[in-house]
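Participant: Show me the folded form of this:
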Amino acid sequence: MVQKHLDRAMLAFLAVTVAMAICGWPVIAGAQNVTEFPIPTPASEPIAGVAAGSDGALWFTEPGANKIGRITTAGTITEYAIPTSRSVPVGIAAGSDGALWFAEGIGNKIGRVTTAGTFTEYVIPTSPGTPIGIAAGPDGAL
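Facilitator: Numbering: from 1, shown residues only. Sure thing, here's the model as predicted:
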């Protein structure tokens, strides 16, 4: 169980490091200083996805809180509640349209949130689909 949590923590750290590099935030090998920002919602479990948004912020999933989070370079966090209750967002990617797209692990949907926080949800035609990840393709499709 401990190893599972360590693996998730390492994956989350690597995802944030990559996303920071994409956004142009400084990533220094061997850096000693780490700044942590508490997530406003307790037990939100932001371990399942991070993406650089077209607005220069990092966007992340909060499966434990059924929210999508956004953090600025100054550390300001905004949380957006997903319209479908208990959809469990588990993956997020920036789309070529400037919005963030995410998989809804429960609910059989793919969600889209604009940088202004407007949601659209798309039902997957096969049921149960249970999507657990999403990625941008080279052609701009997700």
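
Participant: how many other residues sit next to the nearest residue to Ala43 once chain neighbours are set aside?
Facilitator: Nearest residue to Ala43 in three dimensions, chain neighbours excluded: Gly64, at 4.8 Å (C-beta to C-beta, 6 or more residues apart in numbering). For glycine as for every other residue, the C-beta is placed from the backbone atoms N, C-alpha and C. Residues within reach of Gly64, counting by other C-beta atoms under 10 Å, total 16.

Participant: Name the helix or strand for Gly64, please.
Facilitator: For Gly64, there is no helix or strand it lies in under DSSP states H and E.

Participant: Quick test: name the residue nearest the centre of this structure.
Facilitator: Centroid-nearest residue in the chain: Phe60, 2.5 Å away (criterion: C-alpha atoms, centre = their mean).

Participant: Could you pull out the strands in this structure for me?
Facilitator: Assigned by DSSP state E, the chain shows strands spanning 50-52, 58-62, 67-71, 77-81, 89-94, 100-104, 109-113, 119-123.

Participant: tilt between the fifth one and strand 109-113?
Facilitator: Read it as strand 89-94. Put simply, strand 89-94 runs at 50 degrees to strand 109-113, going by axes from the mean of the first three to the mean of the last three C-alpha atoms, to 10 degrees.

Participant: And for the third one?
Facilitator: With the same axes, to 10 degrees defining the directions, strand 67-71 sits at 30 degrees from strand 109-113.

Participant: what do you get for the last one?
Facilitator: Using the same axes, to 10 degrees, one finds that strand 119-123 and strand 109-113 are set 160 degrees apart in direction.

Participant: Give the other helices and strands that strand 119-123 contacts.
Facilitator: strand 109-113 (3 or more C-beta pairs under 8 Å, 6 or more residues apart in numbering; DSSP states H and E).

Participant: And the strand it packs on, how far out from the chain middle?
Facilitator: Distance of strand 109-113 from the chain centroid (C-alpha atoms, centre = their mean, to the nearest Å) equals 12 Å.

Participant: Tell me which other helices or strands it touches.
Facilitator: For strand 109-113, the contact count by 3+ C-beta pairs under 8 Å, 6+ apart identifies strand 100-104, strand 119-123 as packing neighbours.
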